[in-house]
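[1] need the 3D shape of this:
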Amino acid sequence: MAPQSSAIRIYKDATAIITGGASGIGRALAEDLAARGCEVVLADLQLEQAEEAAARIRAAGGKATAARLDVTDHTEFARLVKDTVARTGRLDYLFNNAGISHGMGAGARHYRIEDWRRVIDVNLGGTVNGVQAAYNVMIDQGFGHIVNTASMAGLVPSPGTTSYVTTKHAVVGLSHNLRAEAAQLGVRVSVLCPGVIRTPFIEGGTYGREVEGVTGEQSKEMWEEKKPISPEEFAKKALDAVAKNQGIIIVPGFWKLFWWLFRISPSFCLNIATKNFKDLGRSTGSGGRHLEEKAASAAPEK
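    This next block holds a predicted model:
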């Protein structure tokens, strides 16, 4: 089916794919997009949960479907993009949102190589697969907006989550570079850098990893001290910024202060990060002990 027009739609009558759409930020983005008139595809390994979220959106008068997606599988991702364009005639937005993390407080010296590989495969590899699947489709139709979810951890140090930080810095770099390349081709690129958002993610998520001796509830308490906002509040502010085609989107806004401070004085911020990591080990009693699986397999979630 040929594209219905040669211009991106904001957001009425647009089409968007949201990975990690079954819960947290992904679900909130999907709900807000649908409320603004966008047809949404909630893509997630948690298909039953994604279908429930899509059903609620339809019950509220929006257009939504659910799809099972393993973002680490490029063929599966490309098929989803192809099927969506064939059905709706367009792809205005791809939200590369799925992600996983290790628990709070585990130093990199305790990682296994498979810990590195899984986080890299999902957080960075999943984003690359999304770009590879959608970018040329958007170029061919003459419009589109790729929105990658990174994190404040992609802008500043966050000891205790080194593999996660590694991938999120890479997603920020990918987004900046692709934005410069894509502008002349009619495609927009933005990167979301959330502060702390009150989602299952701050407890490790359904399929994340946690530090031995640090429960999900303890992790949540530690993150609560950083004043998390709701995913619904985040989605509204983030989508307003996406509509303005902002390149880097930091929500809540006060987190920009940390980014600016790090850019002004990296050594000062690194000293603070070092102290915070030491304090974290003392407060949890974990001492950065070995990681353990929360589930038999890890799935993209954010």
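[2] mind listing the helices for the stretch 101-250 of the chain?
    For the stretch 101-250 of the chain, the helices defined by DSSP state H, counting those that start in this stretch occupy 113-119, 126-141, 162-182, 216-224, 231-243.
[3] could you list the buried residues of the shortest one?
    Think helix 113-119. For helix 113-119, a neighbour-count test (16 or more other CB atoms under 10 Å) marks Asp115, Trp116, Arg118, Val119 as buried. For every residue, glycine as well, the C-beta is placed using N, CA and C.
[4] ok, now the third one?
    Neighbour-count burial for helix 162-182 flags 162-172, 174-175, 178-179, 182 (criterion: 16+ other CB under 10 Å).
[5] for Ile8, state which of those is nearest.
    Taking CB to CB as the measure, Ile8 lies nearest Ala182 of the buried residues of helix 162-182, at 12.3 Å.
[6] surely that closest one meets Ser190?
    No: between Ala182 and Ser190 there is no contact under CB atoms under 8 Å: 10.6 Å.
[7] now distance to Gly21 and mean pLDDT too, for the helices of the stretch 101-250 of the chain, in a markdown table please.
    Shown next, in a markdown table, are the helices of the stretch 101-250 of the chain (distance: least, CB to CB, whole Å; pLDDT from 0 to 100):
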| stretch | distance to Gly21 | mean pLDDT |
| --- | --- | --- |
| helix 113-119 | 20 | 92 |
| helix 126-141 | 13 | 98 |
| helix 162-182 | 18 | 97 |
| helix 216-224 | 22 | 54 |
| helix 231-243 | 12 | 97 |
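[8] who wins for proximity to Ala150 among those helices?
    It is, among the helices of the stretch 101-250 of the chain and with distance given as CB to CB, helix 162-182, at 4.2 Å.
[9] what does the closest one contact?
    96, 99, 101-102, 107-108, 111, 115-116, 119-120, 123-124, 127-128, 131, 135, 139, 146, 148-151, 153-155, 157-158, 188-191, 193, 247-248 (CB atoms under 8 Å, 6 or more residues apart in numbering).
[10] just to revisit the earlier point, farthest-separated two in the buried residues of helix 113-119?
    Most distant of the buried residues of helix 113-119, by CB to CB, are Trp116 and Arg118, 7.6 Å apart.
[11] where does this structure dip in pLDDT?
    1-5, 102-106, 199-226, 279-302 (pLDDT under 70).
[12] show me which strand runs longest in it.
    Longest strand in the chain by number of residues, with DSSP state E as the criterion: strand 187-194.
[13] which helices and strands sit right next to it?
    helix 126-141, strand 144-149, helix 162-182, helix 231-243, strand 248-251 (3 or more CB pairs under 8 Å, 6 or more residues apart in numbering; DSSP states H and E).
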